[in-house]
Each structure stands twice: as C-alpha cells, then as structure tokens.
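A.B. asks: Quick one, fold the following:
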Amino acid sequence: MNRVLYAVVATLVFVAGMAAETVPNHQQPQKKTIPKVNKDGKSSQAKKPAKVEPKPYQIGDASWYGKQFHGRTTASGEDFDMFELTAAHRQLPLGTYVKVTNLRNGKWIIVRVNDRGPYVGNRIMDLSYSAARMLNFYGGIEKVRLDLIKPETVAINRGPAGE
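C.D. replies: Just a heads-up that it's a prediction; the model follows:
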C-alpha cells in the first residue's frame, strides 16, 4: 500500500512540475499595480515622454517668384515652370526635397530645389508661384520652416513605365 501511495504522490508531483514548466511566463498571473495619486488627483507615475519633433533645417522668411522668370533656365539647367512645386535655395544641393511649412497657418508642402537664390534681403527660400499659392502666401513673404526630406520617402510620378 505504501508503495502505491508513494507512486501516486510521485506521479502527481511530477505532473504538477511538468505543467508548471510548460506554462509560458506571459501566461503566469501578474501582480496588478495601482498607481499612486497625489493630493491634486494626478498620478505620480512617470509620464511617457512627448513625441519629439526633429529640429528644423532652417526657419526664416520665404518669398516666391513666377511670371517674370517663367521659361528661363534655372541653376539646375531645366526651364523654370512657375506651376511646378519647386524652389530656390542658396546652399542646399540641387534636387533636394524640402518640406516647407508656413508658420502663420500651418500649411505645408514638399518642393524640390532646382534653382539658386533668393538674392534679396535675408530670405531663406524662393518658392515657385504654385508652391506659394498652396501655402497661402498673402503679401508675398511669409515665415517658414524648412525640413529636409529623405529621397526614399518621396513618391515621384514619372508617368507610365517605359516613358
């Protein structure tokens, strides 16, 4: 009888041990923590940090140019088209994509740098007529924020394959 009882107990201990080993850790019951509350009713637990926005490349005044330069050759060698979303910058490499945000109204657009300038005052960028219109440039000059865009994040419409 002792042998049978010993065998049953040993089997139960073995099975219980195996069952405990086969339960993954994420299924184990976890202790619940109750956040501590300050006198003012706010949680004292550490808050998640706010999403950090990347620093702008440049902030300053921008202007636009259009009809008087339409069709003229730009610094990149292409003809200026006032209806394209392009811009002129003094230092950025030609072909660079830039997100331009109008700081007065929050509107933004992505333009391609294809020309040099502006050569008036302390302005940081000259936008094509269409780009300035989409950003609602009233009065011709607006304060803008420039953010560089990685080329692989820009989808370019090059027309049907083979063209």
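A.B. asks: Ignoring the adjacent residues along the chain, who's closest to Trp108?
C.D. replies: With sequence-adjacent residues excluded and distances taken as Cβ to Cβ, 6 or more residues apart in numbering, Trp108 is closest to Thr101, at 4.1 Å. (C-beta placed from N, C-alpha, C; glycine too.)
A.B. asks: Now do the contacts for Asp79.
C.D. replies: Taking Cβ atoms under 8 Å, 6 or more residues apart in numbering as the definition of contact, the neighbours of Asp79 are 71-73.
A.B. asks: any idea which helix or strand carries Phe83?
C.D. replies: Here Phe83, judged by DSSP states H and E, is contained in no helix and no strand.
A.B. asks: Report pLDDT for it.
C.D. replies: At Phe83 the predicted local distance difference test score is 97.
A.B. asks: My reading is that Val98 lies in a strand. Confirm?
C.D. replies: Yes - judged by DSSP: H, G, I helix; E, B strand; the rest coil, Val98 forms part of a strand.
A.B. asks: now the closest residue to it other than its chain neighbours: how far from Leu127?
C.D. replies: Of all residues beyond its chain neighbours, the one nearest Val98 is Leu146 (5.3 Å), with distances taken as Cβ to Cβ, 6+ apart. Plainly put, Leu146 is 11 Å away from Leu127 if you go by Cβ to Cβ, to the nearest Å.
A.B. asks: Between these two, which contacts overlap?
C.D. replies: With Cβ under 8 Å, 6+ apart as the test, Leu146 and Leu127 both reach Val100.
A.B. asks: These two: which has the busier surroundings?
C.D. replies: Leu127 (28 against 23; other Cβ atoms under 10 Å).
A.B. asks: So the residue nearest to Trp108 lies in a strand, does it not?
C.D. replies: Yes - going by three-state DSSP, the assignment for Thr101 places it inside a strand.
A.B. asks: Contact partners for the closest residue to Leu94 other than its chain neighbours?
C.D. replies: Take Leu94 and drop its neighbours on the chain: the residue closest to it by Cβ to Cβ, 6+ apart is Ser76, 4.5 Å away. Ser76 makes contact with 94-95, 114-115 under the criterion Cβ under 8 Å, 6+ apart.
A.B. asks: Buried subset of the residues you listed as a PyMOL selection?
C.D. replies: For selection in PyMOL, the members of the contacts of Ser76 meeting the burial criterion (16 or more other Cβ atoms under 10 Å) are listed in this command:
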select buried, resi 94+114+115
